[in-house]
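In: With the sequence up front, the predicted model follows.
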Amino acid sequence: MEESRLERKLKLEIEKRDGMALKFVSPGKAGVPDRILMLPEGVAVFVEVKAPGKKLRPLQQKRAIELERLGFPVETVSSDAEVEGLLEKLFPLEFIK
């Protein structure tokens, strides 16, 4: 499945950069993002990984809004290019040539 491959890629790339990409499971609270990225210097980012062409379900949109209202960034990725774009956004100096 493409979604699980993208999730593995994201996890490995974050770990290469000394971060953690923890699987987020919240019993009793459906629709939470797939991963919590714990990055150097105390940065936390929630990420929903979708199969190419898929959109957030209404409950996932609601959970993303709830997290953003609390001040947490929430990202969605559904392709290799979007994973790379997120990495560039989170680690911009690594992408300067």
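Out: Looks like it arrived, so ask away.
In: okay, now the closest residue to Ala51 other than its chain neighbours: neighbour count?
Out: Excluding its sequence neighbours, the residue lying closest to Ala51 (CB to CB, 6 or more residues apart in numbering) is Glu3, at 4.4 Å. Every C-beta, even on glycine, is put in place using the N, C-alpha and C of the backbone. For Glu3, the neighbour count with other CB atoms under 10 Å is 15.
In: so how far is Gln60 from Glu3?
Out: From Glu3 across to Gln60, the span is 13 Å (CB to CB, to the nearest Å).
In: partners of the strand ranked longest in the chain, with directions?
Out: Criterion DSSP state E: the longest strand present in the chain is strand 43-49. If you go by DSSP bridges, strand 43-49 pairs up with strand 35-39 (antiparallel), strand 74-77 (parallel).
In: as a whole number, average confidence for the first one?
Out: Strand 35-39 carries an average pLDDT of 97.
In: Residue nearest the middle of the protein, spatially speaking?
Out: In the chain, the residue lying closest to the centroid (CA atoms, centre = their mean) is Val47, at 2.1 Å.
In: how close does that residue sit to Thr76?
Out: 7 Å.
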